[in-house]
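Q: Got a predicted model here, sequence first, then my questions.
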Amino acid sequence: MRKVYKTLTQDQKARGVVFSSQLRPGTTIHEVKYNDRDRDTVIDRLLDDKFFNNSPYTRNEIRR
């Protein structure tokens, strides 16, 4: 699996999102907001995508 880093969208910034992750091809976006309680732990878990190495997902789109 390949990680692709992008910037946050204007909409995400306006809503207070500091991090998002989306496995591609797929439609589910996991977002972490600045006021989330365990935000550092959640970000670390979303960055660890080795579980999906042998899956139909080819890349992890990460926005910061």
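A: In hand now; what should we look at? Keep in mind that this is a model prediction, so the values were computed, not measured.
Q: any idea where the strands of the protein begin and end?
A: 2-6, 17-24, 29-33, 59-63 (DSSP state E).
Q: So which elements touch the second one?
A: What it means is strand 17-24. strand 29-33, helix 39-47, strand 59-63 (3 or more CB pairs under 8 Å, 6 or more residues apart in numbering; DSSP states H and E). The way it works is simple: take the backbone N, C-alpha and C, and place the C-beta from them, glycine included.
Q: So for that strand, what gets flagged as buried?
A: 17-23 (16 or more other CB atoms under 10 Å).
Q: same check, this time on stretch 40-58
A: Quick answer for stretch 40-58 (16+ other CB under 10 Å): 42-43, 46, 49, 57.
Q: For the nearest residue to residue 30 once chain neighbours are set aside, report the pLDDT, please.
A: Using CB to CB, 6 or more residues apart in numbering and skipping the chain neighbours, the partner closest in space to residue 30 is residue 21 (4.9 Å). Note on residue 21: pLDDT of 97.
Q: Go ahead and confirm residue 21 touches residue 64.
A: No - with contact defined as CB atoms under 8 Å, residue 21 does not count as touching residue 64 (9.9 Å).
Q: Farthest-apart pair in the buried residues of strand 17-24, please.
A: By the measure CB to CB, 18 and 23 form the most distant pair in the buried residues of strand 17-24, at 19.1 Å.
Q: end to end, how far does stretch 43-52 reach?
A: One end of stretch 43-52 sits 16 Å from the other (CA to CA, to the nearest Å).
Q: Closest to the centroid, which residue in this structure?
A: Nearest residue to the geometric centre of the chain (CA atoms, centre = their mean): residue 21, 1.3 Å.
Q: For that residue, which residues count as its bridge partners?
A: residue 30, residue 62 (DSSP bridges).
Q: Just the pLDDT at the residue of the chain most remote from its centre, thanks.
A: Distance to the chain centre peaks in the chain at residue 54, reaching 18.8 Å (criterion: CA atoms, centre = their mean). We note a pLDDT of 89 for residue 54 in this prediction.
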